[in-house]
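Based on what follows, work out the 3D shape:
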Amino acid sequence: MGAHYERHVGFMNFGATFVNAHQYEPMMEQKALSTKGVPGAIQNAPALLALRISDDSPTDGQGGVVIHSVSVRVNGIVRPEVEPFIVRLSERGDDRQSYISGRLRNGDRKPLPPLANDYQSINRGSSYNTYDPYINYAAFDVDVYYRGYEFPFWIDHLFYRDFKLHGPEHVINQVRVDNEGEKPIVVDAEFAHELAEESGTYGFATLDDLPQAFDGEEYAMLYVDLEPLGEFIESVEVDLSLANDYHVELSELDIAGTTPNPSRSNYRDRYRYASYFRTVARAKGNPQDGVPRLVRVKSGVPTGLSLYSVNAHGVLRGFEINAEFSRSRSFYQYASGTPQPRVALEDVSTNALQREAMPGGRSSVNDNAFYVTVKKDAERWGFGAEVFSIGPLYTTEFRSYIGRDERDTSGNPIAYNNTMIHRLVEDNDDNDRYPDSWYNNAPSGLQGQSDVDGIFPGLDEDKDGIPDTNRNFNAIPDYQEPFLMYTADPPIYDFGEDANHNDVIDVRENDIDADLPYDQDIKGFHTYLSVAPLRGVNLTLGVKDTRQIAGPAPDRSFYSRIGYARRIPSLGNFMASASIERIKDGIEDELSVYSDRVLTVAEQFELDFAGLQRNIKVAPFLEGPREDPLLFLNSTRSRIYVDTKWGSVNSAWKIRNKIKFETNNQHAGEVFDGTIQEGRRLNRWTMVNTFDYKWQFGSRIGLFSGIKMRYLREWDSDEENDTTRETHMIPIAKLQYWLTERTRLQFGMQGLGFFLPYRVEDSVGLDNTFEQYDAVLMISNSSKYFGYLISTNAGINRRNKEYESDDIGTIRNEDFVAAFVNVIVGFEAE
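Numbers count the residues shown, from 1 in each chain. Okay, here's the model as predicted:
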C-alpha cells in the first residue's frame, strides 16, 4: 500500500510519500493486524538462533571484534540454563566446505559434498527450491546462498559441537535409543570431523572460554538452543558484550515435521531451514578502544516494511534544486509458541487464535537516507553540488518467510530458501524492462520475471534486448568472433567516468544492490565547477569527500578534467579527454561481470537443464563476481583518451583511432586503515585503429575491405616485465552480389593469404599467440510474411587456426569446414 502527495509552492514543488508492505494473516481478527504485519499462523516458533559475529573492518589489519559475554533473556527473564556455544570459522559463501560425509561399510569416508562454485546459478537464483538439506546440493540446487544472502551450515556446526564436547563416538540420540529403540546416530558415522580439523577453518568455544577475539575474515557462529526449554515463548533477547568493530547478523531455524509427529533426531532432518542472515547491529566507524559495549539482539521474523519520505524540487534563477529525506522502518515480531514441529494444516486457525491472545514481542530497525543537490548548466559554465547520506541499515527490501506448500502464479514452489524477497526499489542496472532479479526466473505470462534477456549495462544502446557485443545471438562475444570483431571491442578498451574508483567505468557496472541514488553506508558531499572557454572545450574541477558510516573507509578525490569535442560534417568527429585525479579510496565496490570465456555446450546444458540461468540463451557467457582490487587507496591517477572518426557520412573511406593511456601512481606510506602501501606506478595503454574502404561496382556488387589493429599493454613501472601485452591484427574483406532485391550472395575473408593473416600476438602469455584464416560463402534472403520479417542464411565456413606453440597447438588448433543454415524471425516495424 502507498500514497503520494505533492504541492506546488512558489518556485518549489513539495511532496510526501508513504509505502508499506507487510505480511497479513487472514485467520486473525482485524484488531490483531496492522501495517507492521504479523508472522504467518503456519510459521514455527524458532528452535535455534544462529548469530554471526564478525569484524566489520576485516581488511584493516587491526584488532577485530572481541566477544566478552553472552546472556539470553526469554520472556524478559535471564535464563542461565541456556548455554550458547561458538563455532569459529573463516570461509563464507560457496567457499564453505560441508563435512557431512558418512562412513562406508569398509570404514572409508565417503567423498565430501562438492563446493557449489556456481555463481551463474547462485547469483541469479533458481525457479525451484526444496527443503532438502544444504548438504544435498548439486549444480542445480542453489540452496546454499543467493545473490549475496547466506544462511549458516548448521548441520556441520551441531555435529562439530558434539565432536568437540563428547568425542567422535558420541551418540546424539542416546535418549531415543534407550527409550524407543531408535538406531544410534554416531558423530563419526555422519561427520568428517578429522577433515574439519585438518582444514584449519574450524574452531570451538563455550562461554567459559570467553573472551574470544575474531580478526580479519574469521568470524563467530554463536548458537542459542531454545528447544530444551520446552515452554511457550513470546520473546527472546540475546545480550552481547562486544568490543572493537563489530557486525552482528541473525538467522533463525525452526524444527521440521508436523505435529503430532515428533521431530527427527539427525541434524540433517531435525530443522526445516535457516532464514537468511539479516544485519541487526554494526559498530559506528571503526572503534579500537577495546571497551565492551552492550548489543541487544531481539529475535523476530520480518513482518513488514514502511518507507516514509518527503521531497522537494524546483528551479531558482536557473539553479535546479532536488532534495529528499527518507526513513525506512523494518518491523519484526517473534513467532510466539513452543519450539516444536509445525502445526498440522487443520490446526493453523488454532495457532492463529493463540497468537492473538499471546503475541510475540515486536522490534524494529530504523535508518535514514537523504540527499540535496543543486545544479546549473549555463552556456559557458556549469556548477553542481550534492550532500548525501544513506544509512547502513536503511533498506527498501522486505523478506517474508512462507510455508513449503506456497506456490507462485505459475504453480511453481516459491524460490530462495522459502523466502519471498520484495524489492520496493529494484536492481536494474541496464535500465531495461526487466529487473535484474525477481521472484521467479522462468518465463511466465502471469507475473514479473527476472532479467531474462541478460544484464548488460551500457551495452544495449538500441534497447532491443540483445547486447551490442552479441548481436548475432550466439555463444561467442562479437569481439572474439570473426568478421563481427571488426566493429566490437572488449570492455577494457572502453573509456568513461569511474567515479567509485573500482577500475570499471560506471556505465558498465552491474551489481546486485537496489538502484538507490547513492550506495548504502555512505555519507559525504561532492561539488564541481565547469567552464567552456572555447568552442568545444570544457574544463572541470571537482572535489568529493565521502566515507562509510558504519565502516571506516573513505572515498576522497580532487579531480581536474579537460575535454574537447568537435564534429566537422565534411571531415569527421573528434573527441579528446585528459584528467588528473588525487584519490584516497578504501571503499569496496564489488560487481557481477561476464568473462570472455564462452560456456561449453555441456556447461550451457547443465545450467539450462534445471532452468536456473535466466538468460542462458542470450548470454551464454561465464558470469562471476568481481572484487574491488582497491587500486586507489592513496593514488594520483592520470588519464588521456582520444577518439577520432575520419570520413564524412557519404565517404567511401573511414578511419577510426581510439587511444587510451592511464597511469595510477600509488604513493608510498600509510593509508586510512593504518597499513603501509608500497609506492609504484601502474600503467595501461590501449589502442584501436581501423581503416576501411567500400567499393561499389554498379548497383549489384559491393566490396568492403578493411584492417583493424587492437593493442593492449599493462605494466608496473617498477617491474621489468609487462603484466599484459597483446596485439591483434584483423584484416577483412567482404564481397556481396545482389541476385535480387531481397537475395544476395556473400563471400568474406578474415585473414588475407599467407602475408596478411588474422594474428593475435601475446608477448606475456606466449601460449596465446596464433594465426587464423576464416572464409565464409553464404546466400541470404530477407522476406515478409503476414507482418513478420524472415531472414534466411545458408552457407559454408572454412577455418584454419594454428598456435605458435606446438604443445598448445595439439589441443587448440582448428582446421575444419562447416555448413550452416539459420532462420531469424522478427516483427515488422509499425
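
and residue 477, how many neighbours does it have?
For residue 477, the count of nearby residues is 22 (other Cβ atoms under 10 Å). Every residue, glycine included, has its C-beta placed from N, CA and C.

for residue 461, same thing?
Residue 461: 7 neighbours (other Cβ under 10 Å).

Next: the one 10 residues further on.
Counted with other Cβ under 10 Å, the burial measure for residue 471 works out to 15 neighbours.

what's the answer for residue 13, then?
So residue 13, with other Cβ under 10 Å, has 15 neighbours.

For it, list each beta-bridge partner.
residue 8, residue 313 (DSSP bridges).

List the contacts of it.
Residue 13 sits next to 6, 7, 312, 313, 314 when contact means Cβ atoms under 8 Å, 6 or more residues apart in numbering.

got a pLDDT number for the fourth one?
Here, the pLDDT recorded for residue 313 equals 97.

how about low-confidence regions in the stretch 101-250 of the chain?
114-147 (pLDDT under 70).

in stretch 73-81, what's buried?
For stretch 73-81, burial by neighbour count (16 or more other Cβ atoms under 10 Å) applies to 73, 74, 75.

Identify all contacting residues around that stretch.
The contact list for stretch 73-81 (Cβ under 8 Å, 6+ apart) reads 71-72, 82, 226, 228-229, 231, 233-239.

Kindly state the pLDDT recorded for residue 409?
53.

which element is the residue positioned nearest the centre of the chain on?
Residue closest to the mean C-alpha point of the chain, counted by Cα atoms, centre = their mean, is residue 512 at 3.5 Å. Counting by DSSP states H and E, there is no helix or strand that carries residue 512.

Ramachandran coordinates for it?
phi -120, psi 20 (degrees, to the nearest 10).

quick one: secondary structure of residue 228?
Three-state assignment for residue 228 (DSSP: H, G, I helix; E, B strand; the rest coil): helix.

What is the burial count for it?
Residue 228 has 11 nearby residues by other Cβ under 10 Å.

With the one 3 residues further on instead?
For residue 231, the neighbour count with other Cβ under 10 Å is 10.

Show me where this structure has its helices.
Applying DSSP state H to the chain gives helices spanning 119-124, 154-166, 174-180, 187-190, 193-199, 267-270, 348-357, 601-609, 806-812.

deepest of those, which one?
helix 119-124 (a mean of 22; mean count of other Cβ atoms under 10 Å).

Under the pLDDT cut-off, which ranges of the stretch 501-650 of the chain? List them.
If you take pLDDT under 70 as the line, the stretch 501-650 of the chain has these spans: 595-623.

Now with 80, please.
592-625, 649 (pLDDT under 80).

Would you list the buried entries among the contacts of residue 13?
Among these, the ones that count as buried (16+ other Cβ under 10 Å) are residue 314.

and of the contacts of residue 13, the nearest to residue 419?
Closest to residue 419 out of the contacts of residue 13 is residue 6 (34.8 Å), distances taken as Cβ to Cβ.

was I right about the closest one contacting residue 14?
Yes: at 7.0 Å, residue 6 counts as touching residue 14 under the criterion of Cβ atoms under 8 Å.

list the buried ones in the top strand by length along the chain?
Secondary structure of the chain per DSSP state E: the longest strand is strand 680-697. By 16+ other Cβ under 10 Å, the buried positions in strand 680-697 come out as 681, 682, 683, 684, 685, 686, 687, 688, 690, 691, 692.

next one: stretch 760-769
In stretch 760-769, counting by 16+ other Cβ under 10 Å, buried: 760, 761, 762, 768, 769.

mind listing what residue 775 touches?
By Cβ under 8 Å, 6+ apart, the neighbours of residue 775 are 747, 748, 749, 797, 798, 799.

Kindly report the same for residue 576.
Residues near residue 576 by Cβ under 8 Å, 6+ apart: 563, 564, 565, 640, 641, 642, 643.

Apply 6 Å and report the result again.
The contact partners of residue 576, taken as Cβ atoms under 6 Å, 6 or more residues apart in numbering, are 564, 642.

in the sheet, who's paired with it?
If you apply DSSP bridges, the partners that residue 576 bridges to are residue 564, residue 642.

25 is where my numbering starts, stick with that
Happy to do that; since the first residue is 25 now, the last one works out to residue 600.

Name the residues that touch stretch 385-402?
The contact list for stretch 385-402, computed with Cβ under 6 Å, 6+ apart, reads 258-259, 322, 324, 342-347, 349-358, 407-415, 417-418, 541.

low-scoring pLDDT stretches of the stretch 675-824 of the chain, where are they?
Using pLDDT under 80, the flagged stretches of the stretch 675-824 of the chain are 778, 810-811.

Can you show me the strands along the stretch 525-674 of the chain?
546-555, 561-572, 578-592, 596-609, 615-622, 645-650, 659-670 (DSSP state E, counting those that start in this stretch).

Now do the contacts for the residue lying closest to residue 524 once chain neighbours are set aside.
Nearest non-adjacent residue to residue 524, counting by Cβ to Cβ, 6 or more residues apart in numbering: residue 613, 4.6 Å away. The contact partners of residue 613, by Cβ under 6 Å, 6+ apart, come to 524, 526, 652.

Thanks a lot, catch you later.
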